[in-house]
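K.L.:
Curious how this folds, go ahead:
(one chain, ligands or ions: 2)
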Amino acid sequence: MFFFLRSPSAAASFAASSAAIRAVFSANSSLKTSFSTLSQLSNSLQNEKNEKLNQVSQESIQKEQKQVKKEKYVFAQLNEKQKEFLDEVIRVDQAGELGANYIYQGQIFALVHKRPELKETLNHMWEQEVHHHNTFNQLQVRRRVRPSLLTPLWKVGAIGLGYVTGSISKEAAMACTVAVETVIGGHYNDQLRTLMKEFTVDAIEKDNTSNLIKNPDFQSSEIEHLKEIIKEFRDQELEHLDIAIENDAESAVPYWLITDVIKLICKSAILTCEKI
Ligand SMILES: [Fe+2]
Ligand SMILES: [Fe+2]
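P.N.:
Ligands and ions are numbered 1, 2, ... in the order given. As a prediction, the model looks like this:
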């Protein structure tokens, strides 16, 4: 062996072979590490997936149990304060959705012929507003809630706001959307908080009518349904807000003035609509 290594070329070749063998071992070991990391990653993803599945199935079991429990009860009527709040919710939301519907119509009218590439985006948001408006129209009829007495004013104001911002520029129209949807998103969240906290109703067990349950931990199906509607619409309003930001709302000049003024108009309209 030592004899063999005395030859310089043999020594060089031996050194090269050793380096190659070390490289193969090192690659093998780093490959093993990578495989182990990959397998850990796959395990953790699988665990996460299982946890989510468990959570979903737990939630659906709880929902079913709650439904079965609910069927055992007759619900008391809402009290006067709750009824008054519910009427205000439906009145203001119906007027707000009517306003949003007309704002988008004004923007489409002013903007689409100049910027045809916006047609699809504006129509998508408008169609959702039409659905929101129709839903609150139906609720208004079902609960016999009177509409806002200022409805004609909201129509003219909203279509004017949409037309003016759309005529200024695409960016101004989108800034208007940011302002409106920010206020409406917050307004829907406020309503959801109140509906969750202050709308439990007393209930009587069907099999035992003398057993009055005070403040059960569930709500009447009417309130549950209303909360679902508001949550769905709130999410769609926030989607409109994101679309407006993606479409350069913040490049409107002056952005802060346009958004602040429109936010103020929306907040005043909300306060007025609840009562008038
Ligand atoms: Fe809406
Ligand atoms: Fe919207």
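
K.L.:
Look up the pLDDT of the closest residue to ligand 1 within the stretch 51-200 of the chain for me, please.
P.N.:
Minimum separation of the stretch 51-200 of the chain from ligand 1 (CB to the ion) falls at H132, amounting to 3.7 Å. To be clear about C-beta, it is placed using only N, CA and C from the backbone, and glycine gets the same treatment. We have a pLDDT of 94 for H132.

K.L.:
Which residues are in contact with the residue lying closest to it once chain neighbours are set aside?
P.N.:
Spatial nearest neighbour of H132, chain neighbours left out: E97 (4.2 Å); criterion: CB to CB, 6 or more residues apart in numbering. E97 makes contact with 129, 132-133, 135-136, 233 under the criterion CB atoms under 8 Å, 6 or more residues apart in numbering.

K.L.:
now, among the residues you listed, which is nearest to ligand 2?
P.N.:
Among the contacts of E97, and counting by CB to the ion, the member closest to ligand 2 is E129, at 5.5 Å.

K.L.:
where's the residue nearest to H132, which helix or strand?
P.N.:
If you go by DSSP states H and E, E97 is part of helix 80-111.

K.L.:
Can you name the residues of the stretch 51-200 of the chain sitting close to ligand 1?
P.N.:
97, 100, 129, 132 (CB under 5 Å from the ion).

K.L.:
Restrict those residues to those that also contact ligand 2, please.
P.N.:
A100.

K.L.:
Check the residues of the stretch 51-200 of the chain next to ligand 1 and tell me the two furthest apart.
P.N.:
Of all pairs drawn from these, the greatest distance, 7.0 Å, lies between A100 and H132 (CB to CB).

K.L.:
More neighbours: which of the two?
P.N.:
Set A100 next to H132 and count neighbours by other CB atoms under 10 Å: A100 wins out with 27 against 23.

K.L.:
ok, that one - contacts?
P.N.:
Counting by CB under 8 Å, 6+ apart, A100 has contacts 129, 132-133, 158, 180, 184.

K.L.:
Of the residues you listed, which is the nearest to D248?
P.N.:
Once CB to CB is applied, the member of the contacts of A100 that ends up nearest D248 is V180, at 16.6 Å.

K.L.:
Is that closest one within a helix or a strand, and which one?
P.N.:
Residue-wise, V180 maps onto helix 170-198 under DSSP H and E.

K.L.:
that older thread, so which of the residues of the stretch 51-200 of the chain next to ligand 1 comes closest to I168?
P.N.:
Closest to I168, out of all of those and judged by CB to CB, is A100, at 18.9 Å.

K.L.:
returning to what we had before: quick check, nearest of the residues of the stretch 51-200 of the chain next to ligand 1 to K49?
P.N.:
H132 (34.6 Å).
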